[in-house]
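Trainee: The following comprises the amino acid sequence and a computationally predicted model.
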Amino acid sequence: MDDGNTIDPFDDLFEAFELEEGPPPPSETPAPAPEAKKATVAEPPAAADDAPVPMATVVCTSCGTGNPSHNRHCEQCGARLGSGPLPVAPAPVIRATPGGRALTVIAGVVLFVLAAVLIMNLRGSTPPETTTTLAGPTSTVPRNVTNLIPFDVEASSSFPGFPPSNLIDGNPETYWNDFSLRGIDAWLEFSFTQPVQITEIELQNVEDEERLRRNYRIKSLIIEVNDVQIEIPMTMEDNSEPQRVPISSLGTTRVRISVNSTYPAEQYDGKTPYGELALQSVKFFGTTE
């Protein structure tokens, strides 16, 4: 029986406790103040690789629309942006056409010919010491060339009073007529006392216009020299001007002229034409051996 003084052997095994109805009383020692946090600056997020890059713009002064900086005119109103000079397109390349190339070639040839003529004229302004020009429509021949006069001349025929010797007498009032043969098979043969080198032969029809037209005139002929076995053809113009033909004899003593064809005789001022062939003169130019 418990009289109140008996000690319960299990009391030492359990600790008495009390239910707390509120927060524990504040400790007499104050808790340390929380440490102030350092201010940090947030870094901007890294731009993504595919994020669009902002494009520079130019504001139109007319309508206020923003345009890409490479624009020269406003996309909204078309006004020109900026005051700088507009780009100038390069000059077009001129392509040569076939006709243009042909004209260029022709122009080049013409310039070349003109230059050649000028050079020849300049060179010809001072005659070379070894050349001279004979009177009449002649070519330039060596200076020692002289008028070679034959000592004799024969003809196929001759009209009385108009012998072949008239061809070499130097008188323009005399001439040779064949004897009513109209020049058919007519020929002339000239002889020299010594061999000569002939460079040119000059023939001349009658100078008097009436006698020229009323007589037959030589049209074509053949020249032969006895030192060179070659025939030299010549065609004469139907006029009274001296006409020359170049030849190259080495040492001839005889020259033969054969008539091949003639110009027909004509009426002149109502006068009847003659039936004879007429020739005023024959001259020889060259050197003696």
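Mentor: Nice, thanks for sending it over.
Trainee: Spell out, range by range, the helices that occur in the stretch 151-289 of the chain.
Mentor: 209-214 (DSSP state H, counting those that start in this stretch).
Trainee: so where's it uncertain?
Mentor: Within the stretch 151-289 of the chain, the segments meeting pLDDT under 70 span 289.
Trainee: Strands of that one, start to end?
Mentor: Assigned by DSSP state E, counting those that start in this stretch, the stretch 151-289 of the chain shows strands spanning 152-155, 176-177, 187-204, 217-225, 228-235, 243-246, 252-263, 278-279, 281-288.
Trainee: what's the third one packed up against?
Mentor: Think strand 187-204. The contact analysis (3 or more Cβ pairs under 8 Å, 6 or more residues apart in numbering; DSSP states H and E) places strand 187-204 against strand 140-142, strand 146-148, strand 152-155, strand 217-225, strand 243-246, strand 252-263, strand 278-279, strand 281-288. To be clear about C-beta, it is placed using only N, CA and C from the backbone, and glycine gets the same treatment.
Trainee: Equivalent analysis for the last one, please.
Mentor: If you count contacts as 3+ Cβ pairs under 8 Å, 6+ apart, strand 281-288 packs onto strand 146-148, strand 187-204.
Trainee: Need the winner for burial among the ones you listed.
Mentor: A comparison of the helices and strands packed on strand 281-288 by mean neighbour count, using mean count of other Cβ atoms under 10 Å, puts strand 187-204 on top with a mean of 19.
Trainee: any idea how far the closest residue to residue 281 other than its chain neighbours is from residue 144?
Mentor: Excluding the flanking residues, the one nearest residue 281 by Cβ to Cβ, 6 or more residues apart in numbering is residue 204, at 4.9 Å. From residue 204 across to residue 144, the span is 24 Å (Cβ to Cβ, to the nearest Å).
Trainee: next one: residue 73
Mentor: Between residue 73 and residue 144 the computed distance is 89 Å (Cβ to Cβ).
Trainee: Likewise for residue 60?
Mentor: Going from residue 60 to residue 144 by Cβ to Cβ gives 97 Å.
Trainee: List the contacts of the residue nearest to residue 281.
Mentor: By Cβ atoms under 8 Å, 6 or more residues apart in numbering, residue 204 lies in contact with 240-243, 279-282.
Trainee: cool, and residue 157?
Mentor: Contacts of residue 157 by Cβ under 8 Å, 6+ apart are 178-179, 181, 186.
Trainee: May I see the buried residues of stretch 274-289?
Mentor: Taking 16 or more other Cβ atoms under 10 Å as the basis for neighbour counts, the residues of stretch 274-289 that come out buried are 274-286.
Trainee: swap in stretch 157-173?
Mentor: Within stretch 157-173, the residues that qualify as buried are 157-159, 162-164, 166-168, counting by 16+ other Cβ under 10 Å.
Trainee: could these go into a markdown table alongside distance to residue 174?
Mentor: Formatted as a markdown table, the buried residues of stretch 157-173 follow (distance: Cβ to Cβ, whole Å):
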| residue | distance to residue 174 |
| --- | --- |
| 157 | 17 |
| 158 | 12 |
| 159 | 12 |
| 162 | 8 |
| 163 | 9 |
| 164 | 11 |
| 166 | 4 |
| 167 | 9 |
| 168 | 10 |
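Trainee: any idea which of those is closest to residue 68?
Mentor: Of all these, residue 167 has the smallest distance to residue 68: 103.7 Å, by Cβ to Cβ.
Trainee: surely the closest one meets residue 284?
Mentor: No: under the criterion of Cβ atoms under 8 Å, residue 167 makes no contact with residue 284, lying 10.9 Å away.
Trainee: re earlier: nearest to residue 228, of the buried residues of stretch 274-289?
Mentor: residue 286 (13.0 Å).
Trainee: Secondary structure element holding residue 115?
Mentor: Assessed by DSSP states H and E, residue 115 sits inside helix 98-124.
Trainee: Dump the contacts of residue 204 to CSV, plus distance to residue 223.
Mentor: Formatted as CSV, the contacts of residue 204 follow (distance: Cβ to Cβ, whole Å):
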residue, distance to residue 223
240, 21
241, 19
242, 16
243, 12
279, 14
280, 18
281, 15
282, 10
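Trainee: so where's the stretch 1-150 of the chain shaky on pLDDT?
Mentor: In the stretch 1-150 of the chain, residues with pLDDT under 70: 1-56, 83-100, 121-143.
Trainee: hang on, the earlier thing: compare residue 73 and residue 144 (neighbour count), which wins?
Mentor: residue 73 (14 against 10; other Cβ atoms under 10 Å).
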